[in-house]
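In: Kindly return the folded structure for what I paste below:
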Amino acid sequence: MTPDAPPPWLAEIERYREDQQVRATLRGREFTFATTWGLFSPREVDLGTAMLLDAMQVAEADDCFDIGCGYGPIALTLAHLAPRGETWAVDRDFVAVEYTRRNAEANGLSNVRALPSNGFDAVPADRLFDVVATNLPAKVGNELTAILFADAYLHLRPGGRLYLVTLSGMRKFIQRTLASTFGNYEKVQQGRQHTVHLAVRT
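Out: Model prediction:
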């Protein structure tokens, strides 16, 4: 190798920088998502997200909110199911927000608003939603989980629903915390690895 020649591994690294393409059929619609290494589940839509999306009840005019949007599979599916509403998508990672924006445009969904936010921190207090959804990471911590649930309650209209999917090992804690915050809890679906939970603001 001459002194000016690139190292032999550089070509492979440059390929890693290229966008990945994820194709998935979610709630009857085919989506194509651009994604990149470092975002959650860059090879495919993960099983927990797919289970969550299959379990949710969403009306055409619902305003929806996706916490931790990643590259956008939950937000874009919500926007597809609620074409007469507006779907907000937030993430602490600005790269995730940018990919969600790009994917919404590429899939022809103009009713998606993606913005950087730690949970609801960047959302006006008077902006209310009908559906809040999240694939809650196992390592998010009890304190932040309690904050997210409380903020979801405050940003839901009466009758609004919080749907979330977690690893099944978290289900007892999620049940206790949702019941304490919302006064109700429903286990919508449970699989070997994941559980879908629901709480309703009454």
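
In: in what helix or strand does the closest residue to Asp66 other than its chain neighbours lie?
Out: Of all residues not flanking Asp66 in the chain, Ala75 sits nearest, at 4.0 Å (Cβ to Cβ, 6 or more residues apart in numbering). For the C-beta atoms, the positions are set from N, CA and C on the backbone; glycine is no exception. Using DSSP states H and E, Ala75 falls within helix 73-81.

In: Can you list the buried residues in that helix?
Out: In terms of neighbour count (16 or more other Cβ atoms under 10 Å), helix 73-81 has its buried residues at 73-81.

In: Stretch 129-143 now?
Out: Applying 16+ other Cβ under 10 Å to stretch 129-143 flags 129-136, 140 as buried.

In: what does stretch 47-62 give?
Out: Buried residues in stretch 47-62 (16+ other Cβ under 10 Å): 48-53, 56, 58, 62.

In: and if you look at stretch 164-172?
Out: 164-166, 168, 170-171.

In: where in this protein is pLDDT low?
Out: 1-3 (pLDDT under 70).

In: Show me the residue at the heart of it, geometrically.
Out: Cys69 (3.8 Å; Cα atoms, centre = their mean).

In: any idea whether the residue nearest to that one when sequence neighbours are not counted is helix, strand or coil?
Out: With sequence-adjacent residues excluded and distances taken as Cβ to Cβ, 6+ apart, Cys69 is closest to Ala89, at 3.7 Å. At Ala89 the chain is in strand, as set by DSSP: H, G, I helix; E, B strand; the rest coil.

In: Tell me which strands the longest strand along the chain pairs with, and in which orientation.
Out: Looking across the chain with DSSP state E, the single longest strand is strand 156-167. The strands beside strand 156-167 in its sheet (DSSP bridges) come out as strand 129-135 (parallel), strand 194-200 (antiparallel).

In: For Thr49, list the residues it contacts.
Out: 41, 73-74, 135, 165 (Cβ atoms under 8 Å, 6 or more residues apart in numbering).

In: scratch that, Thr145 is what I was asking about
Out: Thr145 neighbours (Cβ under 8 Å, 6+ apart): 136, 173-174, 177.

In: Filter these down to the buried ones.
Out: 136, 174, 177.

In: Then the last one would be within a helix, right?
Out: Yes: according to three-state DSSP, the state of Thr177 is that of a helix.

In: For Leu164, see how far away it is.
Out: Thr177 is 11 Å from Leu164, where distance means Cβ to Cβ, to the nearest Å.

In: do the same with the first one
Out: With distances taken as Cβ to Cβ, Leu136 is found 5 Å from Leu164.

In: Leu167 against Gln193, yeah?
Out: Yes: Leu167 is within contact range of Gln193, at 6.5 Å (criterion: Cβ atoms under 8 Å).

In: Ends of stretch 131-144, what's the gap?
Out: 20 Å (Cα to Cα, to the nearest Å).
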